[in-house]
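Asks: Build me a structure from this.
(chains A and B)
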Amino acid sequence: MPDNFEKENWKELAVLAQGGDQKAYARLLNEILPFIINSLLPKVANPEWADDIAQDVLLSVHKSLNTYSADRAFRPWLNAIIHYRKTDYLRKYYSRHGHASVPVEDQISLAANVTAPEDVTEYRNVEKALQAFPEKQQKMFRMMKLEGYTAREIAEETGMTESAVKVSVFRTMEKLKETLN
Amino acid sequence: MNDIDKLIDKLTHDLKPVKPMANPAQRAFAWILTGMISIFVVGAIVKYRMDLAEKVQEPMFIGELMGIFLLAVSAAYASAWLSLPDGGCKTKTIYVPYAIILIAFALLLGDIYEHGYKLKKFELHHCIIDATLIGLIPLGLMIWMTKQGAPTQPILAAVTNIVATGSIGYIGLRLTCGSDEVGHVCTYHVIPFVFAGLVIGLLARRLYRW
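Replies: I've put the predicted structure just below:
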């Protein structure tokens, strides 16, 4: 978060707002707004959602102003509300829309449906790192970790023993961790 | 002027002075006091156990009551924190009651191992009614106090509320019920509160929506 957010004296403004000072309250809300939106933008796929959630957060700050106390820091209080409203918003969104499965290359669907688009890079890194392994090892790893096959099913498919499949997938996972770290 | 600017104007216009909530220690203290009064009043109505004078001479009995009282205090304090949006930051505070519960369950298992355990047939025993009488007002007060705040971890808050209320109920039952048999204690003094915790945990998001 940029440094200028740290310098603002939101704690004092919140205390004045609790006393009914409208000017201080307007200043507080206007100053925390960019902080709220900047906190949300990296965590949601669609920038419009950040605006919607920011409005929910402002309403929640208004409703719960009595729960803030000057003997505690302001930002953890605000962050907790932001996190709660973000989770609430996403829970409602996905319960309405269900879970969509999209290819990682589909940027439009991704923006509309994936909560954390920054993770896509990680998926690509995994795919890239996996290319370094022998084809059979790649196949077993993909079957178990990406496609959901059991070790027994893979053993039947590849003609290996179940424990050999587990060992191979485990070793692939360990090497992938090393490579990606 | 966009929607957010309009909203800020409206909220500013609607602002009324608000009194900050009392600090969690004060609220927990008030709640514990209510719980103790509830035990005292209901105990006087349903009558304390006949052998109470002898039981309070037993260090194990006093130790058990003190341990559960500590659980009630820690759960009440954790509940007071969990009614605040940033209460979850107090991780040590909010998990203390659960550490005590683990110890209590370990001791209970030890007791079961030592004395054997016969699960009683579940029925509307007078202990269930007494527990309800003892816990009703403290639970109502606890829910009201939590709803005065803005819990951001509603399930944990609700379950912790039940831990606090259940502890008060348990103390009340140990003072009023004459049975020390482990099967009876589990069936009628512990399981109903565990069940209440599960039910309220399921309803928590609805109950503590704000």
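
Asks: Can you list the residue ranges for strands in chain B?
Replies: Counting by DSSP state E, chain B yields no residue ranges for strands.

Asks: How about chain A?
Replies: For chain A, strands defined by DSSP E do not occur.

Asks: What parts of it come near chain B?
Replies: Contact residues (Cβ under 8 Å from any Cβ of the partner chain) of chain A with chain B: A:17-20, A:22, A:25-26, A:29-30, A:33, A:51, A:54-55, A:58-60, A:62-72, A:76-77, A:79-81, A:83-84. Just so you know, the C-beta spots here come from the backbone N, C-alpha and C atoms, and that holds for glycine as well.

Asks: low-confidence ranges in chain B?
Replies: B:1, B:119-120, B:122 (pLDDT under 70).

Asks: and it, which residues reach chain A?
Replies: Those residues of chain B that sit near chain A, judged by Cβ under 8 Å from any Cβ, are B:3-4, B:7-9, B:11-21, B:23, B:83-89, B:148-150, B:152, B:210.

Asks: Of these, which belong to helices?
Replies: Within the residues of chain B next to chain A, membership in helices is found for B:3, B:4, B:7, B:8, B:9, B:11, B:12, B:13, B:14, B:148, as judged by DSSP state H.

Asks: what about residue 151, how many residues close to it?
Replies: I'll assume chain A. 20 (other Cβ atoms under 10 Å in any protein chain shown).

Asks: wrong one, chain B
Replies: The burial count assigned to residue B:151 is 31, neighbours taken as other Cβ under 10 Å.

Asks: Kindly export the longest helix seen in chain A (C-alpha atoms) in CSV.
Replies: Once chain A is assigned using DSSP H, the helix that runs over the most residues is helix A:74-97. The C-alpha coordinates for helix A:74-97 follow below in CSV (Å, rounded to 0.1, in the frame of the first residue of the first chain):
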residue,chain,number,x,y,z
PHE,A,74,-7.9,2.2,12.7
ARG,A,75,-6.5,0.3,9.7
PRO,A,76,-7.0,-3.2,11.1
TRP,A,77,-10.6,-2.3,11.9
LEU,A,78,-11.1,-1.0,8.3
ASN,A,79,-9.2,-3.9,6.8
ALA,A,80,-11.4,-6.4,8.6
ILE,A,81,-14.6,-4.7,7.2
ILE,A,82,-13.1,-4.7,3.7
HIS,A,83,-12.2,-8.4,3.9
TYR,A,84,-15.7,-9.3,5.3
ARG,A,85,-17.6,-7.3,2.6
LYS,A,86,-15.3,-8.7,-0.2
THR,A,87,-15.9,-12.3,1.0
ASP,A,88,-19.6,-11.6,1.3
TYR,A,89,-19.9,-10.1,-2.1
LEU,A,90,-18.0,-12.9,-3.8
ARG,A,91,-20.0,-15.5,-1.9
LYS,A,92,-23.2,-14.0,-3.2
TYR,A,93,-21.8,-13.5,-6.7
TYR,A,94,-20.7,-17.2,-7.0
SER,A,95,-23.9,-18.5,-5.5
ARG,A,96,-25.8,-16.7,-8.2
HIS,A,97,-23.5,-17.6,-11.1
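
Asks: Packing partners of it?
Replies: Using 3 or more Cβ pairs under 8 Å, 6 or more residues apart in numbering or on different chains; DSSP states H and E, the elements in contact with helix A:74-97 are helix A:10-18, helix A:22-40, helix A:47-63.

Asks: buried set for it?
Replies: Of the residues in helix A:74-97, those buried by neighbour count under the rule 16 or more other Cβ atoms under 10 Å in any protein chain shown are A:74-75, A:77-86, A:88-90.

Asks: who's in contact with residue A:65?
Replies: Counting by Cβ atoms under 8 Å, 6 or more residues apart in numbering or on different chains, residue A:65 touches A:14, A:17, A:18, B:18.

Asks: can you check residue A:143 too?
Replies: Neighbouring residues of residue A:143 by Cβ under 8 Å, 6+ apart: A:149, A:153, A:154, A:157.

Asks: Check the residue of chain A most remote from its centre and give its pLDDT.
Replies: The outermost residue of chain A, judged against the average C-alpha position, is residue A:159 (39.8 Å), by Cα atoms, centre = their mean. Model confidence at residue A:159, given as pLDDT, is 83.

Asks: Phi and psi next, for it.
Replies: Backbone torsions for residue A:159, taken as degrees, to the nearest 10, come to phi 80, psi 10.

Asks: Tell me the spacing between it and residue A:173.
Replies: Between residue A:159 and residue A:173 the computed distance is 22 Å (Cβ to Cβ, to the nearest Å).

Asks: And for residue B:189?
Replies: Taken as Cβ to Cβ, the span from residue B:189 to residue A:173 is 47 Å.

Asks: of those two, who's got more company?
Replies: The residue with more neighbours, out of residue B:189 and residue A:173 and counting by other Cβ under 10 Å, is residue B:189; that gives 23 against 13.

Asks: how much space is there between the more buried one and residue A:37?
Replies: With distances taken as Cβ to Cβ, residue B:189 is found 51 Å from residue A:37.

Asks: Ok, residue A:164 next?
Replies: 52 Å.

Asks: Equivalent analysis for residue A:49, please.
Replies: Using Cβ to Cβ, one obtains 11 Å as the distance from residue A:49 to residue A:37.

Asks: same check, this time on residue B:138
Replies: For residue B:138, the distance to residue A:37 (Cβ to Cβ) stands at 42 Å.
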